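Undergrad: Next come a sequence and a model predicted from it.
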Amino acid sequence: MEKRNIAMCIILSFVTCGIYSLYWFYCIASDIYKANGEENKAGMDLVLGIVTCSIYMIYKYYVYGKILDDIRQRNGIAPKNDSIMFVILGIFGLSLVNECILQHNLNEEIGPLLSGYNPQGPYGPQGPQNYN
């Protein structure tokens, strides 16, 4: 999972008239599937999102929020329940905001959890580097 610069992704999305935003959606979806240990279906999510004029993407934002909450719960962190907010933002055409929030969650919360660092876990900040 790659840590991405959110500001650069926003700038590239505007400069490319939204094309980079589609790539960014694909990357976020891939990272979420990888973090959850699922088969990567990001390509299909992107295609269905394009074909349905982003309606499917709004649904997937909801699903991705639920998956991130499940990952948080498995690691002893309270879920944020962002899924409904993702749907509302998507309905109002603010999918770029959804991508920013999801990327922030991947960069700051989920990435460190998967690398073995869990400051709220049973071992504290000095815990083991690998939970396997």
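TA: Ah, there it is.
Undergrad: Determine the set of other helices and strands touching the helix or strand where Cys27 lies.
TA: According to DSSP states H and E, Cys27 maps onto helix 19-36. Other elements packing on helix 19-36 under the criterion 3 or more C-beta pairs under 8 Å, 6 or more residues apart in numbering; DSSP states H and E are helix 6-15, helix 42-51, helix 55-74, helix 95-105. Any C-beta I mention is one placed from the backbone N, CA and C, and that applies to glycine too.
Undergrad: And stretch 92-110, what's buried?
TA: 95-96, 98-103, 105-107, 109-110 (16 or more other C-beta atoms under 10 Å).
Undergrad: Which residues are in contact with the spatially most central residue of the chain?
TA: For the chain, the residue nearest the mean C-alpha position is Leu102 (3.7 Å; C-alpha atoms, centre = their mean). By C-beta atoms under 8 Å, 6 or more residues apart in numbering, the contact set of Leu102 is 28, 32, 61, 64-65, 68, 86.
Undergrad: Mind pulling up the pLDDT for it?
TA: At Leu102, the pLDDT value in this model is 96.
Undergrad: so where is the protein shaky, pLDDT-wise?
TA: 116-132 (pLDDT under 70).
Undergrad: Pull the residues that contact stretch 15-26.
TA: 4, 9, 12-13, 42-43, 45-46, 49-50, 57, 95-96, 99, 103.
Undergrad: What subset of those residues is buried?
TA: 4, 9, 13, 42, 45-46, 49, 57, 95-96, 99, 103.
Undergrad: Please list all residues in contact with Leu12.
TA: Counting by C-beta under 8 Å, 6+ apart, the residues that Leu12 touches are 20, 24.
Undergrad: repeat that for 7 Å
TA: The neighbours of Leu12, taking C-beta atoms under 7 Å, 6 or more residues apart in numbering as the test, are Tyr20.
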